[in-house]
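In: have a look; sequence and predicted model below, questions after that.
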Amino acid sequence: MVLGATGLVGSELLKQLLDDNRYSSVVVFVRRSLEINHPKLHVEVIDFDRSDYWSGKVKGDVLFSAFGTTIKKAKTKENQYKIDFTYQFQMAQAAKHNQVGTYVLVSSAGANPKSGIFYSRMKGELDEQVKELGFQRLVILRPSILAGNRKEKRMGEKVGLVLAKMIGVIPFISKYRSIPASTVAKAMIQSSVLPDVKNVYELAEIFHLAK
């Protein structure tokens with residue numbers, strides 16, 4: 001199952017899962033229909049505010065979560081929190097209730113529930129809350145700035161991506177270098193099938209996991 005299949009990482013993940021013979025069926029939870037047809041793909045169009053309608057559908061072997069938005073698109077911190085934290089946590093809760101064994105979450109570099117930065121604190125709170133759910137296998141990936149072709153142009157991220165590429169060669173701040181969305185997606189899949197995995201992977205470890 002994939003949450004966030006229309007985003008930068010989620011769309012890459014969906015492509016790779018559909019091409020991966022280890023997965024016989026891929027279910028995506030989205031707000032609107034996808035322009036993709038594939039015999040393995042099952043699309044669940046849901047209202048994320050009505051968990052009572054969709055919670056029973058969160059069934060399978062693995063839930064991959066790469067859901068999120070920007071403050072610019074969400075308009076307010078409250079809306080961003082609802083999308084980045086509440087919806088993802090409710091989906092994780094439903095997965096655990098339905099005995100899904102593996103949960104793979106894309107978090108963010110610097111995620112910390114005690115951070116003074118709203119975004120980092122929100123991501124850190126989600127990381128800590130899903131740890132408490134008790135999945136048989138929980139993997140949290142914390143990439144830095146994502147590189148890839150977005151449907152929407154974000155000037156702030158374009159500037160950040162240029163800076164991230166520049167600082168990638170400086171040892172003590174190289175942990176903030178950019179990472180291709182396709183690499184993060186591959187690492188997500190690898191973390192769901194490899195026998196021995198950690199709970200949390202920072203940037204350099206994500207690169208290694210994707211090899």
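Out: Yes, it's here.

In: helices of the chain, start to end?
Out: Using DSSP state H, the helices of the chain run over residues 8-19, 51-54, 71-74, 77-81, 88-97, 118-131, 155-167, 181-193, 203-209.

In: just checking, what packs against the last one?
Out: Other elements packing on helix 203-209 under the criterion 3 or more Cβ pairs under 8 Å, 6 or more residues apart in numbering; DSSP states H and E are strand 179-180, helix 181-193. Every C-beta, even on glycine, is put in place using the N, C-alpha and C of the backbone.

In: how close does residue 182 get to residue 20?
Out: Using Cβ to Cβ, to the nearest Å, residue 182 is found at 13 Å from residue 20.

In: oh, that last question was meant for residue 83, not what I typed.
Out: With distances taken as Cβ to Cβ, residue 83 is found 27 Å from residue 20.

In: pick out whichever of these two has more residues nearby.
Out: Under the neighbour definition other Cβ atoms under 10 Å, residue 83 and residue 20 were set side by side, and residue 83 has more, 17 against 14.

In: ok, and the closest non-adjacent residue to the more buried one?
Out: Closest residue to residue 83 apart from its sequence neighbours, by Cβ to Cβ, 6 or more residues apart in numbering: residue 69 at 4.8 Å.

In: state the mean pLDDT of stretch 116-129.
Out: Averaging the model's pLDDT scores along stretch 116-129 yields 98.

In: can you point out the buried residues in it?
Out: Of the residues in stretch 116-129, those buried by neighbour count under the rule 16 or more other Cβ atoms under 10 Å are 119-127.

In: with stretch 50-60 instead?
Out: Of the residues in stretch 50-60, those buried (16+ other Cβ under 10 Å) are 51, 54-55, 58, 60.

In: got a list of what the most centrally placed residue in the chain touches?
Out: Relative to the mean C-alpha position of the chain, the nearest C-alpha, by Cα atoms, centre = their mean, is the one of residue 66, at 2.0 Å. By Cβ atoms under 8 Å, 6 or more residues apart in numbering, the residues touching residue 66 are 2-5, 7, 9-10, 13, 106, 184-185, 188.

In: now with 6 Å, please.
Out: Under the criterion of Cβ atoms under 6 Å, 6 or more residues apart in numbering, the contact list for residue 66 reads 4, 7, 9-10, 106.

In: need the residues you listed in TSV with neighbour count and distance to residue 136, can you?
Out: Shown next, in TSV, are these (neighbours: other Cβ atoms under 10 Å; distance: Cβ to Cβ, whole Å):
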residue	neighbour count	distance to residue 136
4	25	22
7	22	26
9	28	23
10	25	23
106	30	19
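
In: quick one: those as TSV, columns for pLDDT and distance to residue 28 too.
Out: What follows is those, written out as TSV (pLDDT from 0 to 100; distance: Cβ to Cβ, whole Å):
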residue	pLDDT	distance to residue 28
4	96	9
7	94	11
9	97	13
10	97	8
106	98	15
